[in-house]
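J.: Sequence and predicted structure, then a few things I'm wondering about:
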Protein chains: 2
Amino acid sequence: MFNAIAEPQRRDILMLLRAGEWPVTDLARELGMTQPGASKHLRVLREVGLVRDRKAGKQRLYGLDARGLRPVHEWTGGFERYWNESFDRLDSYVQQLKQAGREE
Amino acid sequence: MFNAIAEPQRRDILMLLRAGEWPVTDLARELGMTQPGASKHLRVLREVGLVRDRKAGKQRLYGLDARGLRPVHEWTGGFERYWNESFDRLDSYVQQLKQAGREE
DNA sequence: TTGACGCATGCCGATATAGGCATACGATGG
DNA sequence: CCATCGTATGCCTATATCGGCATGCGTCAA
């Protein structure tokens, strides 16, 4: 899951799919990638369950299934307390350094 | 950034560092990895800014800088609407399939 | 200065991943 | 049945990554 969204193009795909379902070719053209490239990324996303596909005539429509992103969101949320606190800590640390610099 | 947290061991390191600063060797032992392995992962985390190090005598203490996780949290948060909605959509879609199955 | 400790780095082999290309496969329309 | 369209897959190459191991480098103590 973390791995699937580590790829910028795959994140682009997911963002695009918030707008609805897309056939592979259109999606590839929209995002400026080749059709095989899009298919491969969609395969990865499908394997981790972030994307669902259904057949619509000749085409295959891909749609978003964002449930898998929830654990990621929650995991990062576990650091919410720290990305302020650590900022303060570092800030005061930087000030210490500056102070030490002046005193030399 | 996304790539840095795609590695399970690196996520373990980040979670451990919420408890405070750690010297490399202790951290490696705590997480059951080799010292070079820990150093390499810490290097990756340092390069993306998720971790800061400071020298403390012979040791080098690593500490958390979680600010970089905020964009990740916000990015996944952009799908919050969808991991309920898409669930409903899929659910009703599955029901349609069941319905179609019964009617055959 | 020497030795021990803490850590980083280099090298290696194995494995994975991405991009590009050609091609195979399934469905549709004539 | 045949041609065509939409899509998936296979092959290849380049590149990245991880793990393990040995080793280099800096720091401290005696």
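T.: Okay, I see it. Numbers count the residues shown, from 1 in each chain, chains lettered A, B, ... in the order given.
J.: Flag every residue of chain A that's near DNA strand C.
T.: A:3, A:7, A:9-10, A:33-34, A:36-37, A:40-41, A:44, A:55, A:57-58 (Cβ under 7 Å from any atom of the strand). No exception for glycine: its C-beta is placed from N, CA and C like everyone else's.
J.: quick one: which of those is most hemmed in?
T.: Counting neighbours by other Cβ atoms under 10 Å in any protein chain shown, A:H41 comes out on top of the residues of chain A next to DNA strand C with 23 neighbours.
J.: Spell out which residues make up each domain of chain A.
T.: The record's domain split for chain A, according to automatic domain parsing, is A:4-64, A:69-103.
J.: looking at those, which is buried most?
T.: Highest mean neighbour count of the domains of chain A: domain A:4-64, a mean of 16 (counted as mean count of other Cβ atoms under 10 Å in any protein chain shown).
J.: Distance from the chain centre to that one, please.
T.: How far domain A:4-64 lies from its chain's middle: 13 Å, per Cα atoms, centre = their mean, to the nearest Å.
J.: and that domain, what's its mean pLDDT?
T.: Here domain A:4-64 scores 96 as its mean pLDDT.
J.: Pull up the distance across that domain, start to finish.
T.: 14 Å (Cα to Cα, to the nearest Å).
J.: what do you get for stretch A:16-26?
T.: Where stretch A:16-26 starts and where it finishes are 11 Å apart, if you go by Cα to Cα.
J.: can it be found next to DNA strand D?
T.: Yes - using Cβ under 7 Å from any atom of the strand, stretch A:16-26 comes into contact with DNA strand D via A:23-26.
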